[in-house]
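Colleague: Fold the stuff below for me.
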Amino acid sequence: ENIEGPLQIEFKRIIDEINLGLSIEETIIRFSKRVDIKEAEYLGVALGLLAKSGGKISELFGAIEKRIFNKKEILLEYKSVTGGLKLISSTLMLMPVVIVIGLYVLNSNYFYPLLDNLFGRIILLLIINLYFIYYITIKKIFTVRM
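Modeller: The predicted structure is shown next:
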């Protein structure tokens, strides 16, 4: 009653399913599939094991809380460690563009040999492809899924 929003609807649905005769384990597993949160799935499996083994539910919730807290802590640490690296990678991504623009402004004929013959165009395409491979690699390095 004190909770509002989507969570209130989910808790009401859980209570309704339990009142209809579903086990707590099945109810939590259904909940985890609806909300697509790993911790909710973990809770469902753990509650099922506790129901069968007679363990302490307070320890279960303590372990889940610790897992969520550790996950947030790791994410914050990751952001602080990679912040400088992201700045460096962004700078390295912009440097070739800035250099090419600067050279073109200083001497518009500087890149003429690359554009004038077939071998130069092949080298230019190779450079552009390597640049995009570098970009994709940097993006993948800095992507973390939790």
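
Colleague: Can you give me the buried ones in the least confident helix or strand in the chain by mean pLDDT?
Modeller: Lowest on mean pLDDT, DSSP states H and E among the helices and strands of the chain sits helix 38-53, with a mean of 73. By neighbour count on 16 or more other C-beta atoms under 10 Å, the buried set for helix 38-53 is 40-44, 46-48, 50. All C-beta spots, glycine's among them, are computed from the backbone N, C-alpha and C.

Colleague: got it, and stretch 16-24?
Modeller: Within stretch 16-24, judged by 16+ other C-beta under 10 Å, the buried ones are 17, 24.

Colleague: for the helix or strand following the least confident helix or strand of the chain, what is the average pLDDT?
Modeller: Downstream of helix 38-53, the first helix or strand assigned by DSSP states H and E is helix 57-106. Average pLDDT, helix 57-106: 82.

Colleague: going forward can the numbers begin at 624, since that is how I track them
Modeller: Sure, I'll start numbering at 624, so the last one becomes helix 680-729.

Colleague: got the angle between helix 680-729 and helix 661-676?
Modeller: 160 degrees (axes from the mean of the first three to the mean of the last three C-alpha atoms, to 10 degrees).

Colleague: Having no further points to raise, I will conclude here.
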